[in-house]
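Colleague: Mind looking at a prediction? Sequence and model below.
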Amino acid sequence: MKILVVEDEIEMQKSIIRYLTLEKNIVEVANDFNSAYEKIQLYEYDCVLLDITLPNGNGLDLIKTIKNSRPKTGIIIISAKNSFDDKIDGLNLGADDYLPKPFHLPELNARIKALIRRNNFDGVDVIVINEITLYPGERKILINNNLVNLTSKEFDLLVYFIANKNRVIQKNALVEHLWGDNADQFDNFDFIYNHVKNLRKKLLAAHCSDYIQSIYGIGYTFKTEL
């Protein structure tokens, strides 16, 4: 998943990024209020890990911005300010969870996974769409009960398609979701065609219905409805 870490403590920041990257997430970082605000306006994230005390501003104000512009984005407050009022204020503004510092990274990871399951997949651990059975936690996919081997990017691409099924997804949204800050390195997004083509080829080879449809000049849709 694509996660934004809004944290000004460098060592804490590095630890979170290292751990979540090993868990196959795309992780971006903002060191202060202004950079976080800019990223939230420009990009979409599955989850934002948000410290309340930030240089140049208050993290609580960012919750309002996120909920106004990206209501599906999950928010977990991570803060050393373990005060009852801050916790209540953050949750009332729309944060989904509150984890006081210090915390164990496996617990943070578990909370992120639970939040994303609730927001994107109705809280289930196993996603079933017709002949497709997806296990996000295990990064495993079965088609007609047969295991299909996908690359890491192909798996992430499929999860993103399923989370946004029957919606038109622009190519730039796919690239930003799967490559994060590195998306700015590409001159164009034509290369995403090969990733989608390879994913579609593997699904069809496993006798999966042809859900991935190209929308000329725009992007793709994962069409499960007529």
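Modeller: That came in fine, so what should we check first?

Colleague: Output the least confident helix or strand in the chain by mean pLDDT in CSV with nothing but the alpha carbons.
Modeller: Of all helical and strand segments in the chain, the minimum by mean pLDDT, DSSP states H and E falls on helix 171-179, at a mean of 80. Taking Å, rounded to 0.1, in the frame of the first residue of the first chain, the C-alpha atoms of helix 171-179 are listed here in CSV:
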residue,chain,number,x,y,z
LYS,A,171,-2.5,6.0,-15.8
ASN,A,172,-0.8,8.7,-13.7
ALA,A,173,-2.8,7.5,-10.7
LEU,A,174,-1.5,4.0,-11.2
VAL,A,175,2.1,5.2,-11.5
GLU,A,176,1.9,7.5,-8.4
HIS,A,177,0.3,4.7,-6.3
LEU,A,178,2.9,2.1,-7.3
TRP,A,179,6.0,4.2,-7.5
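
Colleague: So for it, what gets flagged as buried?
Modeller: Across helix 171-179, burial judged by 16 or more other Cβ atoms under 10 Å covers 171, 173, 174, 175, 176, 177, 178, 179. Where you see a C-beta, it was placed from the backbone N, CA and C, and this is true even at glycine.

Colleague: Next secondary structure after the strand or helix carrying residue 66?
Modeller: According to DSSP states H and E, residue 66 maps onto helix 59-69. Following helix 59-69 in sequence order, the next helix or strand is strand 74-79 (DSSP H and E).

Colleague: Residues in contact with that following strand: which ones?
Modeller: 7, 46-53, 59, 63, 66-67, 86-87, 90, 94-101, 103, 108, 111-112, 115-116, 118-119 (Cβ atoms under 8 Å, 6 or more residues apart in numbering).

Colleague: now do stretch 105-118
Modeller: 1, 3, 15-16, 19-20, 23, 46-47, 49, 74, 76, 78, 96-97, 99, 123-125, 136-137.

Colleague: hang on, the earlier thing: is it possible to mark the buried ones in the contacts of strand 74-79?
Modeller: Here, 16+ other Cβ under 10 Å leaves 7, 46-52, 59, 63, 66, 86-87, 90, 95-99, 108, 111-112, 115-116, 119 buried among the contacts of strand 74-79.

Colleague: number of nearby residues for residue 17?
Modeller: 17 (other Cβ atoms under 10 Å).

Colleague: still on that earlier bit, restricted to buried residues, select the contacts of stretch 105-118 in PyMOL.
Modeller: Listed next is the PyMOL selection for buried residues among the contacts of stretch 105-118, using 16+ other Cβ under 10 Å:
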select buried, resi 1+3+16+20+23+46+47+49+74+76+78+96+97+99+136
